[in-house]
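Peer 1: okay, structure incoming, though there's no sequence with it:
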Ligand SMILES: Nc1ncnc2c1ncn2[C@@H]1O[C@H](COP(=O)(O)OP(=O)(O)OP(=O)(O)O)[C@@H](O)[C@H]1O
């Protein structure tokens, strides 16, 4: 369980996150929605250690993790997908996955001289794991393709695959659907659901595609102007007056349009 209490993040005098409080239950796929500029990405960045909060507190399983650096959170199983380096375009998808864990024995001169067998064993294990991840994501056929040559949606899948190489526990996904076609978005959605159900991953998902949110997320949290307006099922969120107001404030004509923002 992650609990965020009264989080504030200011840029100059501007309160991008303005006293946000919320909780993320272990084992959930929590959706984070809200109009443009609501503070969703800033909230993500503060929880994930990318930005320092101005004030407030974040705890994970009761431990204070406020302001911890991304690599400390990474070791606790919490990661925001872009914390893992973007793909190396000239390397294959399999090799990209094999790069993730880092700290392999082969990286030191000492090991290059004396640890050949251990390095070979590690590489075999990493390769097997990478292949298992590609198979899970139903993209085994991309194993030997250069990562720079796969589509944007396939890169998102690869990004998800990287989280599997380190057995993440809590993954923050920011607009995973942006620019991804419907078929691949469904594949990404399937993978998220399976990782959640079969491997116990917790996800927090920022997404503007309400079909995607509806299919995956319960609960849904809605933010506007740096504050959390409501938390509940998507149906509850859509019926919430403050939420409707917030979306209307962005120029929408009627509440049905909340569903398509
Ligand atoms: N580094 C920054 N410096 C100054 N202002 C910033 C910075 N980052 C974000 N903001 C401002 O904070 C507000 C919240 O931005 P944020 O990106 O968190 O919103 P969002 O809900 O993720 O929006 P979107 O859905 O459009 O991505 C915006 O008004 C944005 O311009």
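Peer 2: Nice, thanks for sending it over. Predicted model, so just to flag it, every value in this text is computed and none were measured.
Peer 1: what helices or strands is the lengthiest helix in the chain leaning on?
Peer 2: Ranked by number of residues, the top helix in the chain under DSSP state H is helix 116-136. Judged by 3 or more C-beta pairs under 8 Å, 6 or more residues apart in numbering; DSSP states H and E, the packing partners of helix 116-136 are helix 93-99, helix 109-114, helix 152-165. Quick note: C-beta positions are derived from backbone N, CA and C, even for glycine.
Peer 1: counting contacts, what elements does the first one pack onto?
Peer 2: Contacts of helix 93-99 with other secondary structure elements, assessed using 3+ C-beta pairs under 8 Å, 6+ apart, are made with helix 116-136, helix 152-165.
Peer 1: tell me the mean pLDDT for the longest one?
Peer 2: If you average the pLDDT over helix 116-136, you get 88.
Peer 1: all helices of the stretch 151-261 of the chain, in order?
Peer 2: Applying DSSP state H, counting those that start in this stretch to the stretch 151-261 of the chain gives helices spanning 152-165, 182-199, 210-216, 234-239, 241-248.
Peer 1: reformat the ones you listed as JSON lines; add distance to the ligand and mean pLDDT.
Peer 2: Converted to JSON lines, those look like this (distance: least, C-beta to the nearest ligand atom, whole Å; pLDDT from 0 to 100):
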{"stretch": "helix 152-165", "distance to the ligand": "16", "mean pLDDT": "89"}
{"stretch": "helix 182-199", "distance to the ligand": "17", "mean pLDDT": "93"}
{"stretch": "helix 210-216", "distance to the ligand": "13", "mean pLDDT": "94"}
{"stretch": "helix 234-239", "distance to the ligand": "15", "mean pLDDT": "93"}
{"stretch": "helix 241-248", "distance to the ligand": "11", "mean pLDDT": "86"}
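Peer 1: pick the most buried one from these.
Peer 2: Highest mean neighbour count among the helices of the stretch 151-261 of the chain (mean count of other C-beta atoms under 10 Å): helix 152-165, with a mean of 21.
Peer 1: between that helix and helix 182-199, how many degrees?
Peer 2: Relative orientation of helix 152-165 versus helix 182-199 (axes from the mean of the first three to the mean of the last three C-alpha atoms, to 10 degrees): 10 degrees.
Peer 1: poorly predicted segments of this protein, please.
Peer 2: Along the chain, segments meeting pLDDT under 70 span 82-85, 101-115, 249-261.
Peer 1: got the residues of it near the ligand?
Peer 2: 11, 14, 16, 34, 36, 37, 38, 39, 40, 41, 42 (C-beta under 6 Å from any ligand atom).
Peer 1: mind picking the two most distant members of those?
Peer 2: 11 and 34 (17.4 Å; C-beta to C-beta).
Peer 1: so between these two, which is more surrounded?
Peer 2: residue 34 (25 against 11; other C-beta atoms under 10 Å).
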